[in-house]
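In: next come a sequence and a model predicted from it.
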Amino acid sequence: MSKPPDLMQGTLDLLLLKIIALAPQHGWAISQRLKQVSDQELQVSDGSLYPALHKLELAGWITAEWGVGELGRRAKFYTLTKAGRRRLDHETEHWRRVSSAITRVLQLKEV
Amino acid sequence: MWRWAYAVRARLRALFGGARSDRDLNDELSFHVAMERHANETCGMSSVEAERRARLSLDGVQQLKERLHAQRSLPWFDHLRQDATFAVRMISRTKVVSLAVIMTFALGIGANTAIFSLINSVLLSPLPYDSPGRIVTIEPFWTNTGQPNTVSSAPDFRDWRERNHVFEYMAFHAGREVRIVANGAPIFATVQLVTPDFFKVFGLQPFSGRVWTEAEEQEPLAVVSYAWASGQFGDAPAAIGKTIEAVGQAVEIVGIAPPAFTYPGSTDVWISSALIPINSNRGGHNYFVVGKLKADAAIEEARADMRTIASQLEQEYPENRFKSVAVTPMLDNLTGRAQTTLWLLFGIVIGVMLIACVNVAHLQLARAASRGREMAVRAAIGGGPGRLTRQVLTENIVLGLAGAMVGLVFGWFTLKAFLAMAPADIPRLNEVHIDGRVLLFTLVVTTLCSFLFGVGPARRASRSDVSSGLRHQTARSAVRGIAPRVRSTLVMVEVALSLVLLVASGLLLRSFVRLSQVDLGFTTEQVLVTTTSYPTGGTEATGFYRDLLAQLRTLPGIRHAAGVMTMPFDTLRANSGYSVDGGPSARDGKPLIAELQVVTPEYFDTVNTVLRAGRDFDDRDLFGQPQVAIINERLAREEFGSASPLGRTIQTGLTPDTRKGMQIVGVVADARQRSPEVPPRPEIFMPYLQHPGPGSRLTILTQTSLDPGMLTRSIRETARKLNPGVPIRFSTMDEVLTKALAYPRFRTTLVAAFGMLAGLLALIGIYSVLSYLVAEQTPEIGVRLALGALRRDIFNRVIGGSMRLVFGGVIAGLVLSLMAAKVIEAVLFDVSARDPVTIAAVLALLAVTALTASSIPAWRAASVDPLVALRDE
């Protein structure tokens, strides 16, 4: 099994914001969703997931509420804030521009 | 911007959530582990394997927890919290030293807070009026003598007001305490006659009712102060519409001033100046002029403009020769006299604070030394010097803040005490309070002092040598020899500062003693003062006084009774130019000026002023009879030298009659009428019956063989029988003198108290340093004793060492004192700022106390048991 490619700096934040934007959810669900949608292509270690989530929370992009999760246990649910929504839009736009630029470069014909 | 709210909330939760924040972190991660395990079990793993994998997925639960914790908190904040917690623990463990530090800080800060509150409220806060920066006083001054005049003439005022380009409003006021009738009873009240723009100058918004308009200038309307209205009518607004009798007319109250407004001084009633005749003589100076500058006019512009007008007037009117105008911001004008005293006091409390800080530094150095081992251990297990310094500094600041809190309490009580004993002529005392600016000042001073005087000991403590610190067994020897030079310097600084402060207190004390003993030229004992105010003026009033005095003289217990127009030490005094035998009214280019006084017969006997030549006035010196006058010795000496002045003629400007000339019939001894501090000036006395105008407002003095207080009933009854409409109030001449000395007494008491405090603190400092040095040298002394040194030599050595430090400090202190001489000279009476007696006394005091302070540790050193000392090592 080859190591998954390292995520670009800031890309993890973008992915997390997007996943949380879909629905408020707890850390484990976020981790599962990430694995699911990327077909295991993007593997984020759960050990990096939580620091990233907390960083977003401290920055005010997302906020957390405590609720009851599966198994009837106390769980921390993350929600996007308004600022987080704007941030997501902005970052998404940025990602599109960068990735299309990279794609254009990669499509150059070799002689 | 909500983002910041979320961010701040998350941060605060992380920082202060404490246990809850930790539990949340736990719950979040254990939920993850549980879910993961559940998923693994569903895939068919054994429960042990499922748990292991789940934990592994987080790269180690504990490590992640640490990582998240570090991420969530601010490390410096955590350290600060640790430091503060530890500081509190440290402080409570070394209770005695900590208490000493806190109390020392508290004394210094208390003194500073109290004095700064005074300065803040009196000198720094803007006056409580509308646009106070634009309010000025306008006063004439004489260009040939440089003397200010404070009061102006009405024609000058009118010209200034019409010709100037810089004032939005200009007004004058004149007034004093007079008789009015309120609620049917004759009482004293301070009444000010003001021109219509007076209230506009201050932007006065009445508390209730209204102020009169320019059109109503001739109407008998009054505005009264809030305090007076509530005192008279129970409730201030109830005064509106009430009628009082003032200046001989029925006047209706139409407005109540806001509680903060009593300008000038503590005025009770303001009425229109148009209700009584105005002195329209250009040479008659009676009116205080105030103005409000236009919003765009600078004070320099105003000065230039007013000077121009004054020189025009000089050209136009011969009376205005040498008369110019000074424009002064009202705040400066009000506080002019208090400034020197308050800044002097501030300098002194800063000195006290410095000494307190030096003491704290001593204590901290001692503590640092005794903590050498602790510091060495901390350094050994990885505490960097920066971290250790910060730890000690935090302790200092915690101590400083504790001291500041105690100090604020001290300061509050000190301030109350000041206000209770402060003389009435310090302006704005009713506005004094501890406000945010004072608290900020206290906080800044505390932090600054804790930091500046803590950073040295802190770095000292953190720099201790790890290996030697750990090796030594006793905590004390671990840091032997810490900074002896630093400590010696601190002692010298302390001695120098306390010398300066003690010299200052000594000088003020001596000056005050001189002032209390000065020969006034009259006596104040056994003299009762009866203040009266007759409803009308003229011969009706002088008749009343003549009858009253005649009857008083028959009362048992009364030796002499007399009346006087201007009481000694009254600030409002009449003076005027004079000339002799129709001669010149100036000498060497300077106008001849004399104090003018109107008295009844027996005045000089009543206050024991000696009649040097000629006769006293008697009841035959009537209006219409040849005008007579008595002069004081100074005037006689200046005008007549050794020749007799009796029978010569003197002219002066009190009334048109006095301008024609009065025959000199007597010469009396000089008296300090203005103030105990001001030497007597040339003075002319005139008999009241010849001057029914000024002679109609007299204060009655009675000299008695009894306790003056016992006479009040019979005097009151006698006066009431003659005229029940005359209000009467009693005091004694001794009280008048006490009041006149209140200002210097206040200054002296404060400076002396702070000087003592400084001396005491310095003494404690010397004692503690020497004790510490001796304790430090105990093993060495033990060795010396074991080797045969004499106890006497050990004693002398310690004393000698301390005296060298004291000597160094004394030299520095003397230099500082001489440098400060200029400042203190301004408040001294009859004592030089370099007075050798005072300096010698202070030196002796310091020497004796320093010797005492060092002899205890020296004696302890000499009584060291060599065996014990060596075993300790």
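Out: Okay, I see it.

In: next structured bit after the helix or strand hosting residue B:52?
Out: Taking DSSP states H and E as the definition, one finds residue B:52 inside helix B:47-57. The C-terminal neighbour of helix B:47-57 among helices and strands, as given by DSSP H and E, is helix B:61-72.

In: the helix or strand that that next one is followed by and chain A, are they touching?
Out: Taking DSSP H and E as the definition, the helix or strand that follows helix B:61-72 towards the C-terminus is helix B:75-93. No: applying CB under 8 Å from any CB of the partner chain, one finds helix B:75-93 separated from chain A by no less than 13.7 Å. (Glycine included, C-beta is placed from N, CA and C.)

In: counting by contacts, list what the helix holding residue B:52 packs against.
Out: For helix B:47-57, the helices and strands in contact under the criterion 3 or more CB pairs under 8 Å, 6 or more residues apart in numbering or on different chains; DSSP states H and E are helix B:19-42.

In: so for stretch A:32-45, what gets flagged as buried?
Out: Applying a neighbour-count criterion of 16 or more other CB atoms under 10 Å in any protein chain shown, the buried positions in stretch A:32-45 are A:33, A:34, A:44.

In: do it and chain B meet?
Out: Yes: counting by CB under 8 Å from any CB, contacts between stretch A:32-45 and chain B involve residue A:45.

In: for that stretch, measure first residue to last.
Out: Using CA to CA, to the nearest Å, the end-to-end distance of stretch A:32-45 comes to 11 Å.

In: ok, and what's touching it?
Out: With contact meaning CB atoms under 8 Å, 6 or more residues apart in numbering or on different chains, stretch A:32-45 is reached by A:4, A:7, A:12, A:15, A:16, A:19, A:22, A:25, A:31, A:49, B:57, B:59.

In: mind checking what secondary structure residue B:568 has?
Out: Applying DSSP: H, G, I helix; E, B strand; the rest coil to residue B:568 yields a three-state assignment of coil.

In: distance of whichever residue of the stretch 551-700 of chain B sits closest to chain A from residue B:198?
Out: Scanning the stretch 551-700 of chain B for proximity to chain A using CB to the nearest CB identifies residue B:571 as nearest, at 66.7 Å. Plainly put, residue B:571 is 21 Å away from residue B:198 if you go by CB to CB, to the nearest Å.

In: go on, residue B:796?
Out: Using CB to CB, one obtains 75 Å as the distance from residue B:796 to residue B:198.

In: the two: which is more packed in?
Out: Between residue B:796 and residue B:198, residue B:198 has the larger neighbour count (other CB atoms under 10 Å in any protein chain shown), namely 23 against 14.

In: for that one, which non-adjacent residue is closest in space?
Out: Here the nearest residue to residue B:198 in space, its sequence neighbours aside, is residue B:171; by CB to CB, 6 or more residues apart in numbering or on different chains that works out to 3.9 Å.

In: which strand or helix spans the one you found?
Out: Under the criterion of DSSP H and E, residue B:171 resides in strand B:167-182.

In: if we can go back for a sec, and the helix holding residue B:52, how far from the chain's centre?
Out: Remark: helix B:47-57 is offset 77 Å from the chain centroid, using CA atoms, centre = their mean, to the nearest Å.

In: put the alpha carbons of it into CSV.
Out: Extracted as CSV, the C-alpha positions of helix B:47-57 are listed here (Å, rounded to 0.1, in the frame of the first residue of the first chain):
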residue,chain,number,x,y,z
SER,B,47,-12.7,-6.4,21.5
VAL,B,48,-9.1,-6.1,22.6
GLU,B,49,-7.8,-5.7,19.1
ALA,B,50,-10.6,-3.3,18.3
GLU,B,51,-9.7,-1.1,21.3
ARG,B,52,-6.0,-1.2,20.4
ARG,B,53,-6.6,-0.2,16.8
ALA,B,54,-8.9,2.5,17.8
ARG,B,55,-6.4,4.0,20.1
LEU,B,56,-3.7,3.6,17.5
SER,B,57,-5.7,5.5,15.0
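
In: what's that helix in contact with?
Out: Counting by CB under 8 Å, 6+ apart, helix B:47-57 makes contact with A:45-47, B:32-34, B:36-38, B:40-41, B:45, B:61, all of which sit outside it.

In: circling back to that earlier point, let's verify the residue of the stretch 551-700 of chain B closest to chain A: helix, strand, or coil?
Out: In terms of secondary structure, residue B:571 is coil; the call rests on three-state DSSP.

In: chain B contacts on chain A?
Out: Contacts of chain A with chain B, taken as CB under 8 Å from any CB, map to A:26-28, A:31, A:45-47, A:50-51, A:54-55, A:57-61, A:63-64, A:66, A:69-71, A:73-76, A:81-84.
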